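1. what's the 3D shape of this:
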Amino acid sequence: MSAPKTILCLASFEKGHAFLREAKRQGWTVYLLTSKSLEHAPWPRESLDDIFYIPDQDKEWKLDDALLGVSFLARRHRIDRIVALDDYDVETAAALREHLRVPGMGDTTARYFRDKLAMRVRAKEAGIPVPEFAPVINYDDLREYMRTVPGPWLLKPRFEASALGIKKIRREEDLWPALDALGDDQSYYVFERFVEGAVYHVDSIISERQVVFAIACRYGAPPMQVAHGGGIFSSRVLEYGSDDEQKLLAANATVLQAMGHVRGASHTEFIKSADGTFHFLETSARVGGANIMDLVEAASGLNLWAEWAKVETQEAAYRLPAVRRDYAGLLVSLARQEWPDLQAFDDPEVVLRIPKKYHVGLVWKSDSVARVEELQRKYIEKVQADYHASAPLPAKATE
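-> Residues are numbered from 1 along each chain as shown. Next up, the predicted model:
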């Protein structure tokens, strides 16, 4: 009888519990490599064959530490799959695969899912609409860009997740002091036109380069506005079969094919401009954050983490289970209260109250898209009046 195959999961933040449990349920040996600062986190240790810790500073690892540590592990344990559970681990996982020659996404492809400049260049090459952009490399090129592309513009970190580190630049003379402040780090930024409009996301499962599941949603307020303005994060599932939904699903499939995603999960964002065009913003090789997985599960019945684990570990071709087509909404906000009383949200459509200190988190579902939209408006108003608090955006990701 052959030994179980082994999967090594990388997580610099605590997440992916359902992935770890499902991988073990599939009969694989499951190892977790995580930050030393997360040694006492409540990982699902019953599903882990072993857990290894790597020295970290603010959840960041030195690549050499990971390469040497995993290479030592591989002397006695053959590693068949390496999976990055967080956005910040994608490049480390790719480097480990390249070093150990483990199948999966390598360094070049990983750049398309982490580097905002690389993904924009690749999308443009594939004919996918993107906001006009310029690398922050040559100053003459930047001057020409600002001469031909009207502002305002956004100065974005190439490797950060979410809206962290983004600065809005309204005039050309404001750009140069912003670059001076970045010093030698300025080449790690991309400069692009600010597009006004609603922001959407498509969350997917990919198996052997095919998008086998995707669901399109619309954020209540754009994430950048929420992050920088201290607003309330919300999202809801789009009407199935609607024109917007069909365009987004098609655009998402084109993006993932262009970027070369082979298997796993993805969270991809688009913005709809005034003329109705969906512009690609960014993609990733991970499950969406901010409890988007709970929104998707409420609407479809699928746990994205568990399905991703099946894609990685099943010997036979992956088969998508039965999927519901309900509508669902999600709201997450900082709260003034340490432990807000979420029982006040007592509509029968509420399926999840997310218990988190100084947070309000809700998921609701219905077979009516209109009812989900109605509750979204109602809950945003209630949270704004009775619970909402704001705090400065952190300089680095905290979860």
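2. OK, contacts around the closest residue to residue 92 other than its chain neighbours?
-> Take residue 92 and drop its neighbours on the chain: the residue closest to it by Cβ to Cβ, 6 or more residues apart in numbering is residue 66, 5.3 Å away. Backbone N, C-alpha and C define where each C-beta goes, glycine included. Residue 66 is in contact with 10, 33, 54, 92, 95, 96, counting by Cβ atoms under 8 Å, 6 or more residues apart in numbering.
3. any idea how far residue 66 is from the fifth one?
-> Per Cβ to Cβ, to the nearest Å, residue 95 is found 8 Å from residue 66.
4. residue 370: how many residues sit nearby?
-> For residue 370, the count of nearby residues is 10 (other Cβ atoms under 10 Å).
5. sorry, wrong one. I was asking about residue 230.
-> There are 15 residues near residue 230, going by other Cβ under 10 Å.
6. how about the contacts made by it?
-> 334, 390, 391.
7. how does it look with 6 Å?
-> With contact taken as Cβ atoms under 6 Å, 6 or more residues apart in numbering, residue 230 is in contact with residue 390.
8. relative to residue 113, how far out is the nearest residue to residue 297 once chain neighbours are set aside?
-> Leaving aside its chain neighbours, residue 297 sits nearest to residue 303 (5.3 Å; criterion: Cβ to Cβ, 6+ apart). Noted for residue 303: a distance of 21 Å to residue 113, by Cβ to Cβ.
9. if you count surrounding residues, which of those two has more?
-> residue 113 (26 against 18).
10. the more buried one and residue 285 touch, don't they?
-> Yes: proximity of residue 113 to residue 285 meets the contact threshold set by Cβ atoms under 6 Å, at 4.2 Å.
11. touching both of those two, which residues are there?
-> With Cβ under 6 Å, 6+ apart, residue 113 and residue 285 have common neighbours residue 90.
12. which pLDDT does the model give the residue nearest to residue 297?
-> Looking at residue 303, its pLDDT reads 98.
13. quick check: bridge partners of the residue nearest to residue 375 when sequence neighbours are not counted?
-> Spatially, and ignoring its direct neighbours in sequence, residue 375 is nearest to residue 364 (5.3 Å; Cβ to Cβ, 6+ apart). With DSSP bridges as the criterion, residue 364 is bridged to residue 329, residue 350.
14. count the neighbours of residue 364 for me.
-> Neighbourhood size, residue 364 [other Cβ under 10 Å]: 26.
15. okay, now the unreliable bits of the stretch 101-250 of the chain?
-> Within the stretch 101-250 of the chain, the stretches with pLDDT under 70 are 162-163, 228-229.
16. all helices for it, in order.
-> 107-114, 116-125, 139-148, 172-182, 223-229, 243-259 (DSSP state H, counting those that start in this stretch).
17. between those, which one is closest to residue 195.
-> helix 223-229 (10.9 Å; Cβ to Cβ).
18. in the closest one, what counts as buried?
-> 223, 224, 226, 227 (16 or more other Cβ atoms under 10 Å).
19. and the end-to-end length of stretch 82-90?
-> 10 Å (Cα to Cα, to the nearest Å).
20. contacts for that stretch next, please.
-> So stretch 82-90 is contacted by 8-13, 15-16, 93, 96-97, 102, 110, 113-114, 161, 284-286 (Cβ under 6 Å, 6+ apart).
21. isn't the residue nearest to residue 297 right up against residue 18?
-> Yes: Residue 303 is within contact range of residue 18, at 5.2 Å (criterion: Cβ under 6 Å).
22. SS state for the most centrally placed residue in the chain?
-> In the chain, the centroid-proximal residue (Cα atoms, centre = their mean) is residue 288; its distance is 3.7 Å. Classification of residue 288 by DSSP: H, G, I helix; E, B strand; the rest coil places it in coil.
23. do I have it right that it meets residue 203?
-> Yes: if you go by Cβ under 6 Å, residue 288 and residue 203 touch, sitting 5.3 Å apart.
24. give me the common contacts of those two.
-> residue 267.
25. re the thing from before, per-residue confidence at the residue nearest to residue 375?
-> pLDDT, read off for residue 364, is 98.
26. distance check, the residue nearest to the centre of the chain against residue 259.
-> 16 Å.
27. and the residue nearest to the centre of the chain, its phi and psi?
-> phi -60, psi 150 (degrees, to the nearest 10).
28. how near is the closest residue to it other than its chain neighbours to residue 178?
-> Distances taken as Cβ to Cβ, 6+ apart put residue 267 closest to residue 288, at 3.5 Å, once the chain neighbours are dropped. Distance of residue 267 to residue 178, computed by Cβ to Cβ: 28 Å.
29. so which of those two has more stuff around it?
-> Neighbours per residue (other Cβ under 10 Å) separate residue 267 from residue 178, with residue 267 holding more: 23 against 15.
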